[in-house]
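Asker: Quick one, what's the 3D model for this:
(chains A and B)
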Amino acid sequence: MRLEKLRKIEELGVDPWGGRFDGHQPIAKIRELPVVAFDDHPTEQVKAAGRIIQKRDQGKLFFLDLWDQTGKIQIMIGQKQVGEECWKLVNLLDIGDLIGVEGVFGKTRKQELSIRAEKITILSKSLEPHPTSYFGMENIEFRLRHRYLDLIHTPETLQRAKQRVLIIRTIRQFLDNQGYMEVETPTLHAIAGGAAARPFTTHHNALDIDLFLRIALELHLKRLLVGGLEKVYEIGRVFRNEGISVKHNPEFTMMELYQAYGDYRSMMELTENLLVACVDALGGGRVRPWADKTIDFNPPFQRAKYEDLFREHVGCDMHNEAEVLQAAQRMRLKDVLTKEHDVRVHELFEACVEDKLVGPVFVYDYPAALCPLTKRKRENPKIAERFELYVHGMELANAYTELNDPLTQEETFKRQLAGLPEEDSMAKMDHDFILAQRHGMPPAGGLGIGIDRLVMLLTNTQTIRDVILFPLLRPEA
RNA sequence: GCGUCUGUAGCUCAGCUGGUAGAGCACGAGACUUUUAAUCUUGUGGUCGUGGGUUCGAUCCCCACCGGACGCACCA
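Answerer: The predicted structure is shown next:
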């Protein structure tokens, strides 16, 4: 059917696939121009390009709704006004086609801002019918598999995509202004370290070696600290070969930064300032909606010691091994007996505390065994100088005072390796990294933020797949 | 991986104690130079996710498989 029209357009001597179309204005800008009713003979010449999303055929007069990234506007096309050749073309237009319009800006008798077309240029024919604009796209799978249509026909999807860009741009500006240097480190790793996650495996043919897609940015950025890049960050994709959920996509975007001569306290300040900058950049105030609740981003954020939260919600002292074991058994945690104390502690924390954290709240001072890359407190080596920022039960940021002592680092790597399948261990022995550290790594604060989750929280989006344009889906049969 | 729900026209959805399907929009034809979910007349459009089974007969019941949603598990 549409192929038939395509042929007819070609018979008119017109290229249905268009070409360069210069000098058009964004529709939103056109709508801001001073407006005169068509009956009062406006003279404002405008030029727009976009997609036809609706058509109202009035015989010798056509009304189209033209849509571009910035907005939509009505196009009025009269047979007498555009001439015979153009009129033939207009009759071959469908919803979904891309066109260029040149004409006069004004408003109709019904007060609708419009462009009265003098010339129509077809820029591309749509051979497939588009979803109807009124009913939109309800089927989630259909939207995800046809994100290009979702962006056109679901305003919120485009809105979120734009907000994501704005958030990332704000982070870059914020960090660049503070003298941070943005770098790119490898995504192909020989050892997938820096976090506890199963990596994706791939193979390099020429070298005939297996490689892993990175699960974190950490270890290369720290090598750069050794190399004298004192304030460094990267925003990049990481890959974890694990389950998919409303909070997890196999590939997601991390921002990690490192500041020489800082610690986790300086990271706390920075995190707070950075988030507030993002919130302010989006507009709409610092108290933001989240499902049927709200999130208050007004600083200072709450600060809570891990140990205190543990006592409050689990009901015992996290250092008391016997009580912790009892609590773990009471909660029916799996394999309690085979796990070491700190692991039990954290499983209890996740089971009893996490969901109760409304936040934003900095939870700080973690059991050391959970944190092989973190500096221990000088006065208490069982505690690591780490915090996580929680918002409505979601981990949004993670920061350490970085461990810069290569001897301790080697020990924590070894200790983590003992008795654990390597892929389950956060610390994979990485001699090359330790060698770098042995050349003198500055004391530093480090911070990681899950960008996708940040976008979720700031845009009131309850599922990660709606802040990622193309989330992973199983291919259709 | 387990459990619950789900898959009908391009889109949004009806339907049926089991008798091989309907609407709106979109698309085609016709009328209309101020419509805006345009309207009016009329027409086209479906392997009812796939494959088996039960049945005289399956979109409907049963089984398996393939997608998807949610929950649990996994994931600091």
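Asker: From now on I want contacts and neighbour counts done on CA atoms only, so please keep to that.
Answerer: Will do.
Asker: Strands along the stretch 301-450 of chain A, start to end?
Answerer: A:302-305, A:361-367, A:376-377, A:380-391, A:394-401, A:444-450 (DSSP state E, counting those that start in this stretch).
Asker: quick one, which of the ones you listed is nearest to A:Ile191?
Answerer: Taking Cα to Cα, strand A:444-450 is the member of the strands of the stretch 301-450 of chain A nearest to A:Ile191, at 19.5 Å.
Asker: starting at the chain centroid, how far to the closest one?
Answerer: 17 Å (Cα atoms, centre = their mean, to the nearest Å).
Asker: To which secondary structure element is A:Lys119 assigned?
Answerer: Following DSSP states H and E, one finds A:Lys119 within strand A:113-124.
Asker: then that strand to CSV, C-alphas only?
Answerer: Included here for strand A:113-124 are C-alpha records, laid out as CSV according to Å, rounded to 0.1, in the frame of the first residue of the first chain:
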residue,chain,number,x,y,z
LEU,A,113,-0.7,28.0,16.0
SER,A,114,0.0,26.8,12.5
ILE,A,115,2.2,27.0,9.5
ARG,A,116,0.3,27.7,6.3
ALA,A,117,2.4,25.8,3.9
GLU,A,118,3.7,27.3,0.7
LYS,A,119,6.0,24.4,-0.1
ILE,A,120,6.2,20.8,1.1
THR,A,121,9.4,18.7,0.7
ILE,A,122,9.2,15.1,1.4
LEU,A,123,12.2,14.0,3.4
SER,A,124,11.5,10.4,4.0
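Asker: Report all helices and strands that it contacts.
Answerer: Applying 3 or more Cα pairs under 8 Å, 6 or more residues apart in numbering; DSSP states H and E, we find strand A:113-124 packed against strand A:71-78, helix A:79-82, helix A:84-90, strand A:98-107.
Asker: ok so, going back, want to throw the strands of the stretch 301-450 of chain A into a markdown table with distance to RNA strand B and mean neighbour count?
Answerer: As requested, the strands of the stretch 301-450 of chain A are exported to a markdown table (distance: least, Cα to the nearest atom of the strand, whole Å; neighbours: other Cα atoms under 10 Å):
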| stretch | distance to RNA strand B | mean neighbour count |
| --- | --- | --- |
| strand A:302-305 | 15 | 14 |
| strand A:361-367 | 9 | 23 |
| strand A:376-377 | 14 | 20 |
| strand A:380-391 | 9 | 22 |
| strand A:394-401 | 7 | 24 |
| strand A:444-450 | 10 | 24 |
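Asker: In JSON lines, list those strands along with mean pLDDT.
Answerer: Shown next, in JSON lines, are the strands of the stretch 301-450 of chain A (pLDDT from 0 to 100):
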{"stretch": "strand A:302-305", "mean pLDDT": "92"}
{"stretch": "strand A:361-367", "mean pLDDT": "93"}
{"stretch": "strand A:376-377", "mean pLDDT": "92"}
{"stretch": "strand A:380-391", "mean pLDDT": "92"}
{"stretch": "strand A:394-401", "mean pLDDT": "92"}
{"stretch": "strand A:444-450", "mean pLDDT": "95"}
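Asker: Count the neighbours of the residue in chain A positioned nearest to RNA strand B for me.
Answerer: Across chain A, no residue is closer to RNA strand B than A:Gly59, which sits at 3.0 Å (Cα to the nearest atom of the strand). Per other Cα atoms under 10 Å, the neighbour tally for A:Gly59 reads 8.
Asker: before we move on, which element is it in?
Answerer: Using DSSP H and E, A:Gly59 falls outside every helix and strand.
Asker: same question, the one 4 residues further on
Answerer: With elements delineated by DSSP H and E, A:Phe63 resides in strand A:61-68, which encompasses its position.
Asker: Neighbours of the residue nearest to A:Phe62 when sequence neighbours are not counted, how many?
Answerer: Nearest residue to A:Phe62 in three dimensions, chain neighbours excluded: A:Ile77, at 5.0 Å (Cα to Cα, 6 or more residues apart in numbering). Look at A:Ile77: counted by other Cα under 10 Å, it has 26 neighbours.
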